[in-house]
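Colleague: need coordinates for the below:
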Amino acid sequence: MRVTLTVLGAVLGLLQNSALVPESRPDSWWMNRHNAMVEAAQPGDSRLVFVGDSITHAFGGVPDTNEDFHNRGADTWDYFFGEDKPLNLGISGDRTQHVLWRLDHSELGKNRPKVAVVMIGTNNLASNTPAEITEGVEAVCSKIQSLTPSTKVLLLGIFPRDKANSQNRKSIAAINKDLEEWAPHHRIKFLDIGYAFLDSAGEIPTDVMPDLLHPFAFGYRKWAMAMEPTLAQLMHRRPKTKLDPTNSAVVPVTQDRDYRTYDWKTRFALTKQYPKDHACRLAFIGDSINHFYGGPPLDRGLKQPTPVWQKYYGNRDAVDLGFGWDRTENVIWRLEQGELDNMPLEAVSLMIGTNNLFINTPEQIRDGVQAIIDKIHEQKPHCKILLLAVFPRGEKPADAGRLEATKLNRLLEPLGHQRNVTFMDIGSVFLEPDGTILRSTMGDFLHPTAEGYRRWAEAVEPWMKVNVKSATP
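Modeller: Next comes the predicted model:
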């Protein structure tokens, strides 16, 4: 009798932890998504699966069940995971018990993936203790192992949410600590990448998670970058990046903004289309300082290239890849998304970083510039790169922008020692003898006027004549 009572007590204790009891949800959309997952799993050819809640659901991939928040990180999903035919087993609002039910009802299908990435438990915080949630997460991992023993489970620590001093944050820290201790004893790789989402004060910036819970594009890219070295090891492939996800200057991201007549997405579409119809042997890559040079593809109402551009580059098959307000991370994203495809490039003029100056440290910006150089060399191995120092800004030598640019340029200079890279600081051509900048040279002490662009073109012309070999003399 005593044994029977002991067993009964254990069963009752188990049932008291709702995080362990498989459970479906009554919502029709939830069942529709589950059914779509079962169908998507039928081919059995997914080498990678993601298991979780809305944070996983909104990342991207298949099945695409058309929720309005889906595919927030689609570009990242495709770039990092696309070749592995990944399956997204995330459903918004799910807790551990719902994932257990779904796994019991064929969501893995015939798949025996190399790796299953698990991140679940944040939705249990409202109804379970940290200890109960820990058990629920452990049960999910164990369930996957029982269904597909050959699969390696990469268990991610629950992502940080809310403010740094919130009770939820404290509970998550306790759960992750327990999971980290449990995982090695059960053939599971535990990885806590929460640091990638936090600022120096431990808070979550709103451009990473606007509601302090769900990542948007920038947050999803941080996720993939922070996880990539470990995932690549488990997948037995080379990592796609080793860059620091806490450095925003190297985290590729778009600029989703419309400033009156300036539309970033439209301009990107223009720059992607242009080389399909034009030879592009010389590219100017950068921000608005490059954009306002006035070369093709033309926008902002320009009907023809500016006179300075036409004089120096009109016969050199040159393309203007400058984007207003761009920072290093935006240029990396553009290159990653194929902006240089279909371009038989001989040379690139690169000048970027001024918009990072008051956001990133000089060291971080340097790393962003290096990442751009690496990406150009990866795509165009024989292309020559003219790396320009960031132009002086601010009317006077002691202006804050001028001082920060000087610090950055000291770090950029050594990048010119690489193969096919030449560093050139032409900032002095914009300055008067006393170090000031005149409005006739830079109208706002940042963007060159026609005279400023002429000085720029004259200063780099000797390099252009040598390195754009097929240019007309």
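Colleague: let me see the mean pLDDT of the helix or strand where Lys276 lies.
Modeller: Using DSSP states H and E, Lys276 maps to helix 264-277. Helix 264-277 shows a mean pLDDT of 94.
Colleague: I'd like to know which elements it is packed against.
Modeller: On a contact count with 3 or more Cβ pairs under 8 Å, 6 or more residues apart in numbering; DSSP states H and E, helix 264-277 meets strand 318-322. C-beta coordinates here come from the backbone N, C-alpha and C atoms, glycine included.
Colleague: tell me which helix or strand of this protein sits lowest on mean pLDDT?
Modeller: Ranked by mean pLDDT, DSSP states H and E, the weakest helix or strand in the chain is strand 258-259, scoring a mean of 45.
Colleague: name the residues of the helix holding Lys276 that are buried.
Modeller: Buried residues in helix 264-277, counting neighbours by 16 or more other Cβ atoms under 10 Å, are found at 264, 267-268, 271-272, 274-275.
Colleague: over to stretch 332-344?
Modeller: 332-337, 339-340, 343.
Colleague: again, but for stretch 176-194
Modeller: For stretch 176-194, using 16+ other Cβ under 10 Å, the buried residues are 176, 178-179, 182-183, 188-194.
Colleague: now stretch 363-375
Modeller: Neighbour-count burial for stretch 363-375 [16+ other Cβ under 10 Å]: 364-373, 375.
Colleague: then that stretch to PDB, C-alphas only?
Modeller: The C-alpha coordinates for stretch 363-375 follow below in PDB (Å, rounded to 0.1, in the frame of the first residue of the first chain):
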ATOM      1  CA  GLU A 363      36.600  50.500 -33.200                       C
ATOM      2  CA  GLN A 364      33.100  49.300 -33.900                       C
ATOM      3  CA  ILE A 365      32.800  51.400 -37.100                       C
ATOM      4  CA  ARG A 366      36.200  50.200 -38.300                       C
ATOM      5  CA  ASP A 367      35.000  46.600 -37.900                       C
ATOM      6  CA  GLY A 368      31.900  47.500 -39.900                       C
ATOM      7  CA  VAL A 369      34.100  48.900 -42.700                       C
ATOM      8  CA  GLN A 370      36.300  45.800 -42.600                       C
ATOM      9  CA  ALA A 371      33.100  43.700 -42.900                       C
ATOM     10  CA  ILE A 372      32.200  45.600 -46.100                       C
ATOM     11  CA  ILE A 373      35.600  45.100 -47.500                       C
ATOM     12  CA  ASP A 374      35.500  41.400 -46.800                       C
ATOM     13  CA  LYS A 375      32.100  41.100 -48.400                       C
END
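Colleague: average pLDDT across that stretch?
Modeller: So the average pLDDT for stretch 363-375 ends up being 98.
Colleague: what does that stretch contact?
Modeller: 243-244, 247-250, 285, 327-329, 331-332, 335-336, 350, 352-353, 356-357, 360, 385, 387, 408, 411-412, 415, 418, 421 (Cβ atoms under 8 Å, 6 or more residues apart in numbering).
Colleague: give me the neighbour count for Val250.
Modeller: 24 (other Cβ atoms under 10 Å).
Colleague: what does Pro22 give?
Modeller: Pro22 has 16 neighbouring residues, counting by other Cβ under 10 Å.
Colleague: still on that earlier bit, so which of the contacts of stretch 363-375 sit within helices?
Modeller: 328-329, 331-332, 335-336, 408, 411-412 (DSSP state H).
Colleague: what domains does the record give for the protein?
Modeller: 19-246, 258-467 (automatic domain parsing).
Colleague: mind listing what Val49 touches?
Modeller: 86-89, 108, 111, 113, 115-117.
Colleague: report the contact partners of the residue lying closest to Asp244 once chain neighbours are set aside.
Modeller: Excluding its sequence neighbours, the residue lying closest to Asp244 (Cβ to Cβ, 6 or more residues apart in numbering) is Val250, at 6.4 Å. Val250 is in contact with 243-244, 328-329, 332, 364, 367-368, 371, counting by Cβ under 8 Å, 6+ apart.
Colleague: give the residue spans of the stretch 201-350 of the chain that score low on pLDDT.
Modeller: Applying pLDDT under 70 to the stretch 201-350 of the chain flags residues 256-262.
Colleague: now do the strands in the stretch 251-400 of the chain.
Modeller: For the stretch 251-400 of the chain, the strands defined by DSSP state E, counting those that start in this stretch occupy 258-259, 262-263, 282-286, 318-322, 347-351, 384-388.
Colleague: for Phe218, which of those strands is the nearest?
Modeller: Phe218 lies closest to strand 258-259 among the strands of the stretch 251-400 of the chain, at 18.1 Å (Cβ to Cβ).
Colleague: in this model Pro305 seems to touch Gly295, though I could be wrong.
Modeller: Yes - applying Cβ atoms under 8 Å as the test, Gly295 and Pro305 come out as touching, 5.2 Å apart.
Colleague: who touches both of these two?
Modeller: Residues touching both Gly295 and Pro305 by Cβ under 8 Å, 6+ apart: Tyr313.
Colleague: more neighbours: the two, which one.
Modeller: For Gly295 and Pro305, the more surrounded residue by other Cβ under 10 Å is Gly295, and the numbers stand at 26 against 18.
Colleague: tell me the spacing between the more buried one and Lys272.
Modeller: Gly295 is 16 Å from Lys272, where distance means Cβ to Cβ, to the nearest Å.
Colleague: and Pro63, by the same measure?
Modeller: For Pro63, the distance to Lys272 - Cβ to Cβ - is 28 Å.
Colleague: so Ser46 sits in a helix?
Modeller: No - read with DSSP: H, G, I helix; E, B strand; the rest coil, Ser46 is coil and lies in no helix.
Colleague: residues near it, how many?
Modeller: If you count neighbours by other Cβ under 10 Å, Ser46 ends up with 25.
Colleague: Phe358 now?
Modeller: Quick note: Phe358 (other Cβ under 10 Å) scores 9 neighbours.
Colleague: does it touch Ala405 like I think?
Modeller: No - contact criterion Cβ under 8 Å: Phe358 and Ala405 do not qualify, at 10.9 Å.
Colleague: any idea which helix or strand carries the residue most central in space within the chain?
Modeller: Centre of the chain computed as the mean C-alpha position; nearest residue by Cα atoms, centre = their mean is Arg221, 3.2 Å away. Secondary structure from DSSP H and E places Arg221 in helix 217-235.
Colleague: who's in contact with Arg402?
Modeller: 392-394, 396.
Colleague: of those residues, which is the nearest to His57?
Modeller: Arg393 (43.5 Å).
Colleague: how confident is the prediction for that closest one, by pLDDT?
Modeller: In this model, Arg393 is scored at 97, pLDDT.
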